[in-house]
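In: Task: produce atomic coordinates for the following.
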Amino acid sequence: MTQEEHPNRNEMKNRPVEPDHPMSLEGGVVDGDLRLMIRCQLEDMLMFGSKPEELLAMANNPNYQGLYAAKETLGQEAFEEIFEETLKRIGIHRVSSEERAVEQYPDHFIPLESLKPESTEEKDHA
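Out: Numbering: from 1, shown residues only. Coordinates of the predicted model:
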């Protein structure tokens, strides 16, 4: 197919299905509570450490189809109300990790290589 045959090829609804394309989101509409769905999505993203300003930017970017579609469907005011309520309830989670060499193991530490696995043979309990 050529671009002349499909002038609106870049529009999602007019683009042919590409099953091997990992970034293409294809699906249909199902019944459900959009307010609950977006609340759950926002909770999940906040709990994984996404910043509130990043989430709002995603909701304004059509490339982030879930957040963007929810905001467009609910309207800016309703979306922001759900967002603020969720942010107050969940808060902002931040996690950091640090790796460093162990200087000295505690006395109760038993290295794994010193532990011998039990035999896989069945024991006679008679």
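
In: which ones are touching Arg89?
Out: Glu43 (C-beta atoms under 8 Å, 6 or more residues apart in numbering). For the C-beta atoms, the positions are set from N, CA and C on the backbone; glycine is no exception.

In: Three-state assignment for it, please.
Out: Under DSSP: H, G, I helix; E, B strand; the rest coil, the three-state class of Arg89 is helix.

In: quick one: it from Arg35, how far?
Out: Arg89 sits at a distance of 14 Å from Arg35 (criterion: C-beta to C-beta, to the nearest Å).

In: and Glu80, helix, strand or coil?
Out: helix.

In: Run a quick neighbour tally on it.
Out: Counted with other C-beta atoms under 10 Å, residues neighbouring Glu80 total 14.

In: Relative to Tyr105, how far out is it?
Out: Counting by C-beta to C-beta, the gap from Glu80 to Tyr105 is 52 Å.

In: can you check Ile90 too?
Out: 38 Å.

In: neighbour count winner among the two?
Out: Counted by other C-beta under 10 Å, Ile90 and Tyr105 do not tie: Ile90 has more neighbours, with 15 against 9.

In: Leaving aside the residues adjacent along the chain, what's closest to the more buried one?
Out: Leu46 (4.7 Å; C-beta to C-beta, 6 or more residues apart in numbering).

In: May I have the helix or strand harbouring that neighbour as PDB, with CA atoms only?
Out: In the assignment (DSSP states H and E), Leu46 maps to helix 34-47. C-alpha atoms of helix 34-47 as PDB (Å, rounded to 0.1, in the frame of the first residue of the first chain):
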ATOM      1  CA  LEU A  34     -13.600   5.100  33.800                       C
ATOM      2  CA  ARG A  35     -13.200   7.000  37.000                       C
ATOM      3  CA  LEU A  36     -12.200   3.900  38.900                       C
ATOM      4  CA  MET A  37      -9.800   2.800  36.100                       C
ATOM      5  CA  ILE A  38      -8.000   6.100  36.000                       C
ATOM      6  CA  ARG A  39      -7.800   6.300  39.800                       C
ATOM      7  CA  CYS A  40      -6.200   2.800  39.800                       C
ATOM      8  CA  GLN A  41      -3.800   3.800  37.000                       C
ATOM      9  CA  LEU A  42      -2.800   7.000  38.800                       C
ATOM     10  CA  GLU A  43      -2.300   5.100  42.100                       C
ATOM     11  CA  ASP A  44      -0.100   2.500  40.400                       C
ATOM     12  CA  MET A  45       2.100   5.100  38.700                       C
ATOM     13  CA  LEU A  46       2.400   7.200  41.900                       C
ATOM     14  CA  MET A  47       3.300   4.200  43.900                       C
END
